[in-house]
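Novice: with the sequence up front, the predicted model follows.
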Amino acid sequence: MKIEDTIKPESYFLAEFKFEAGDYIKGVKVEYGTLGTPKYDDKGHIINAIVYCHGWSGSYKSVRRIDEITGPGEVIDTDKFFIISLSTLGSPGSASPSTTGLGKIFPNYTIKDMVNFQMQFLKEKFKINHVVGVIGNSMGGFEAMTWATQYPDYMDFTISLVSSYKNAGHNYALYKFMNDIIESDPDYNNGRYTKKLARSLRLAAESMYTFGQSKAYYRECSKEDMDKELTGMGEEGLFDDPNDIVFRNNASLAYDVEKDLQNIKSKLLIISINQDEYFPPDLDGIPMHNIVPDSELIIFDSLHGHIGSSELSQISDKLEDFLKEFKD
C-alpha cells in the first residue's frame with residue numbers, strides 16, 4: 001500500500017510560537033502525519049523518530065517521495081522507525097499567511113524559524129528531544145541542513161536530498177522571478193489583495209515547470225504534451241496563495257549555512273541527481289561533500305531531473321548501507 005493511502009492528516013496547536021525576529025503568534029496550527037510505531041525510553045521520550053521535511057510546494061503528504069524505500073522491512077523500516085512528516089511553517093496546512101488570516105502582517109520567517117517550529121512541535125506533542133535522523137527534500141533540505149548546523153546534537157544522521165547548503169543559481173533566480181511576477185501585479189497591493197490574482201499565480205507556477213525535469217526530458221517531450229503539462233502546472237498554481245508564495249520564497253532566498261557546515265556532528269548523506277537543474281551535483285552536492293568531513297555522497301541519473309528524488313529504489317542498497325547502524 002502506498003504511503004499516501006496510509007498516512008492520515010492530524011493537527012496540533014502550539015499555544016504560542018516566537019520567531020527569530022521577536023514576533024510571535026498564538027494558537028499555531030501544525031499539520032502532520034506519522035508512519036510506524038514509536039518506541040519510548042524510561043522517561044517517556046520517543047527514541048526512534050525520523051523527521052521528513054518536504055519541498056517548496058509540499059505538505060506532510062510529500063513523504064510519499066520516499067515511498068519506494070519506506071515500509072515494514074524496507075530500507076526505512078517502519079517496524080523500527082517512527083516517521084513524522086509535517087507541513088512546515090508557511091505551508092497552508094499549518095500556520096501560514098493565508099490560513100492564519102494575518103496575510104501581509106504574518107511575521108517574516110526564516111528557514112531557522114521553520115526548524116524551530118518543528119522542534120517545538122516535536123517536544124510539545126511527542127516529548128522528543130532527539131531524533132534518529134532528519135531527511136530533507138529540496139527546500140526541506142534547507143531545513144535539514146539548518147537543523148544539522150544550528151542544532152548539531154539533535155540528530156544522529158542527516159540526509160540532504162536534491163538540495164544544497166545555500167540558495168544560489170537557478171533556484172535563487174527562480175524565486176526572485178516568481179516574487180516579481182506576483183509583487184508587480186497591480187492587484188497585489190503590497191500583499192493586501194482582495195482579488196484572486198489568477199494570472200500571476202498561473203505564471204508563477206508555470207515558471208517552476210521549466211526546471212523541474214531534466215533537459216533531455218524537455219527535449220523528448222512532444223509540444224502537445226509540454227503544453228498540457230504547462231497548463232496543468234498553471235492550474236495547480238491557482239490553489240496557491242500569493243502571500244504564502246512570497247513569504248516562503250523570501251525565507252528560502254536568505255538561506256545560506258556554508259559558514260556553519262563545520263558545526264555538523266551527525267552522519268551526513270548527500271543525495272544528488274546528475275540531471276537536476278535546480279541543484280546540479282557539481283555546484284551543490286559535490287562542493288558540500290568536499291566541505292563536510294566524513295560526509296557521504298550518492299549521485300544517480302534520472303530523466304526526471306529534480307523530481308527524480310522519488311526514484312530512490314535505484315540506490316536502495318547504498319541507502320541500506322548508510323542506515324544499517326541506526327536500525328539497532
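Specialist: In hand now; what should we look at? Numbers count the residues shown, from 1 in each chain.
Novice: surely Phe211 and Glu277 touch.
Specialist: Yes - between Phe211 and Glu277 there is a contact under Cβ atoms under 8 Å: 4.3 Å. Using the backbone N, CA and C atoms, a C-beta is placed for each residue, glycine as well.
Novice: please enumerate the shared neighbours of the two.
Specialist: Common neighbours of Phe211 and Glu277 (criterion: Cβ atoms under 8 Å, 6 or more residues apart in numbering): His170, Gly305, His306.
Novice: in helices only, show me those residues.
Specialist: His170 (DSSP state H).
Novice: including pLDDT, neighbour count and distance to Thr78, could the shared contacts of Phe211 and Glu277 go into CSV?
Specialist: Formatted as CSV, these follow (pLDDT from 0 to 100; neighbours: other Cβ atoms under 10 Å; distance: Cβ to Cβ, whole Å):
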residue, pLDDT, neighbour count, distance to Thr78
His170, 87, 16, 35
Gly305, 97, 25, 29
His306, 97, 25, 26
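Novice: and Asp294, that's in a helix?
Specialist: No - per DSSP: H, G, I helix; E, B strand; the rest coil, Asp294 lies outside any helix segment and is coil.
Novice: Ser96: neighbour count?
Specialist: By the criterion of other Cβ atoms under 10 Å, Ser96 has 23 neighbours.
Novice: need the contact list for it.
Specialist: Contacts of Ser96 by Cβ under 8 Å, 6+ apart are Leu89, Gly90, Phe106, Asp241, Asp244, Phe247.
Novice: give me phi/psi at it?
Specialist: With angles defined as degrees, to the nearest 10, Ser96 sits at phi -150, psi 170.
Novice: check the gap between it and Tyr193 for me.
Specialist: 15 Å (Cβ to Cβ, to the nearest Å).
Novice: same check on Leu238?
Specialist: For Leu238, the distance to Tyr193 equals 14 Å [Cβ to Cβ].
Novice: of these two, which one has the most company?
Specialist: Tyr193 (19 against 13).
Novice: which stretch of helix or strand covers that one?
Specialist: Assigned by DSSP states H and E, Tyr193 belongs to no helix or strand.
Novice: what helices or strands is the helix or strand containing Ile181 leaning on?
Specialist: In this structure, Ile181 sits in helix 169-183 according to DSSP H and E. Other helices and strands packing on helix 169-183, by 3 or more Cβ pairs under 8 Å, 6 or more residues apart in numbering; DSSP states H and E, are helix 198-212, helix 242-253.
Novice: can I get the ones you listed in TSV with mean neighbour count and distance to Ser164?
Specialist: Formatted as TSV, the helices and strands packed on helix 169-183 follow (neighbours: other Cβ atoms under 10 Å; distance: least, Cβ to Cβ, whole Å):
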stretch	mean neighbour count	distance to Ser164
helix 198-212	19	14
helix 242-253	22	11
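Novice: looking at these, which is nearest to Tyr52?
Specialist: For the helices and strands packed on helix 169-183, proximity to Tyr52 was assessed by Cβ to Cβ; helix 242-253 is nearest, at 17.8 Å.
Novice: who does the helix or strand following that closest one pair with, and is each partner parallel or antiparallel?
Specialist: Next helix or strand after helix 242-253 toward the C-terminus (DSSP H and E): strand 267-273. Under the criterion DSSP bridges, strand 267-273 sits next to strand 155-161 (parallel), strand 296-300 (parallel) in its sheet.
Novice: just to revisit the earlier point, adding mean pLDDT, write the helices and strands packed on helix 169-183 out as CSV.
Specialist: Listed next are the helices and strands packed on helix 169-183 as CSV, based on pLDDT from 0 to 100:
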stretch, mean pLDDT
helix 198-212, 95
helix 242-253, 98
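Novice: out of those helices, which comes closest to Asp79?
Specialist: Going by Cβ to Cβ, the one of the helices and strands packed on helix 169-183 nearest Asp79 is helix 198-212, 33.7 Å.
Novice: against which helices or strands is whichever helix or strand comes after the closest one packed?
Specialist: With elements assigned by DSSP H and E, the helix or strand that comes after helix 198-212 is helix 215-220. Using 3+ Cβ pairs under 8 Å, 6+ apart as the contact test, no helix or strand touches helix 215-220.
Novice: what are the buried residues along helix 215-220?
Specialist: By neighbour count on 16 or more other Cβ atoms under 10 Å, the buried set for helix 215-220 is Tyr217, Tyr218.
Novice: now do stretch 164-178
Specialist: Quick answer for stretch 164-178 (16+ other Cβ under 10 Å): Ser164, Tyr165, Lys166, Asn167, His170, Asn171, Leu174, Tyr175, Met178.
Novice: re earlier: out of the helices and strands packed on helix 169-183, the one nearest Lys26 is which?
Specialist: helix 242-253 (18.5 Å).
Novice: what's the angle between that closest one and helix 169-183?
Specialist: 150 degrees (axes from the mean of the first three to the mean of the last three Cα atoms, to 10 degrees).
Novice: longest strand in this structure, please.
Specialist: As assigned by DSSP state E, the longest strand anywhere in the chain is strand 24-35.
Novice: pairing partners for that one, with directions?
Specialist: Strand pairing for strand 24-35, using DSSP bridges, gives strand 10-18 (antiparallel), strand 82-87 (antiparallel).
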